[in-house]
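Colleague: sequence unknown, structure follows:
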């Protein structure tokens with residue numbers, strides 16, 4: 001029976017076995033290649049995602065650096081503005097203090113001048129021939145308008161020494177008092193000018 005088979009019949013199972021093994025090996029190689037391709041594709045996708053993430057992180061880092069620089073600049077500008085405002089406030093306070101001091105000095109000067117004026121107006125002398133009469137009184141100041149009292153010495157005649165006191169008494173009686181000074185002013189408006 002061995003002789004009837006021949007060499008080609010003996011080799012056939014081994015060729016078939018080899019072809020099967022070769023097909024199996026090709027399938028395994030193809031599956032391995034496909035698995036490698038899938039892994040390579042996943043690796044490429046992961047690499048792209050990592051690159052995108054790295055680019056985003058780089059942009060975020062640059063943006064944060066710009067933000068920090070802008071915040072520092074803003075802080076520096078606000079500090080300078082605060083110093084300028086403080087200097088302006090100090091200058092304004094000094095100007096106000098100077099103005100208050102000048103106003104106080106001017107007020108004191110005005111009070112002194114008014115007191116001197118009132119003292120000058122409150123005390124005056126009436127000269128009559130041979131007689132000096134001092135009349136002192138305090139005038140009320142109402143918006144700069146004051147009672148005006150004038151005595152014309154020419155109208156008063158001093159008689160003999162015994163009658164002099166009655167002439168002075170008559171002259172003093174003719175003077176208006178503080179209460180009726182307004183009627184006196186109204187009676188003599190031409191003399192006030």
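Modeller: Great, that's in hand. Everything quoted here is computed from the prediction, not taken from an experiment.
Colleague: Would you mind giving the domain segments of the chain?
Modeller: The chain breaks down by automatic domain parsing into domains covering 2-77, 129-192.
Colleague: and those domains, which one's lowest on average pLDDT?
Modeller: Of all the domains of the chain, mean pLDDT reaches its minimum on domain 129-192 (a mean of 44).
Colleague: do you know how far residue 118 is from residue 104?
Modeller: Note on residue 118: its distance to residue 104, by C-beta to C-beta, to the nearest Å, is 21 Å. No exception for glycine: its C-beta is placed from N, CA and C like everyone else's.
Colleague: quick one: which of the two has more around it?
Modeller: Neighbour count, other C-beta atoms under 10 Å: between residue 118 and residue 104, residue 118 has more, with 15 against 10.
Colleague: tell me which element the more buried one falls in.
Modeller: Using DSSP states H and E, residue 118 falls within helix 7-122.
Colleague: Does anything pack onto that helix? Which helices or strands?
Modeller: Using 3 or more C-beta pairs under 8 Å, 6 or more residues apart in numbering; DSSP states H and E, no helix or strand is in contact with helix 7-122.
Colleague: tally of neighbours for residue 93?
Modeller: 10.
Colleague: Name all residues that make contact with it.
Modeller: By C-beta atoms under 8 Å, 6 or more residues apart in numbering, residue 93 lies in contact with nothing.
Colleague: Give me the distance between it and residue 103.
Modeller: 15 Å.
Colleague: Residue 42 now?
Modeller: 87 Å.
Colleague: repeat for residue 18
Modeller: Noted for residue 18: a distance of 122 Å to residue 103, by C-beta to C-beta.
Colleague: Over to residue 47?
Modeller: 81 Å.
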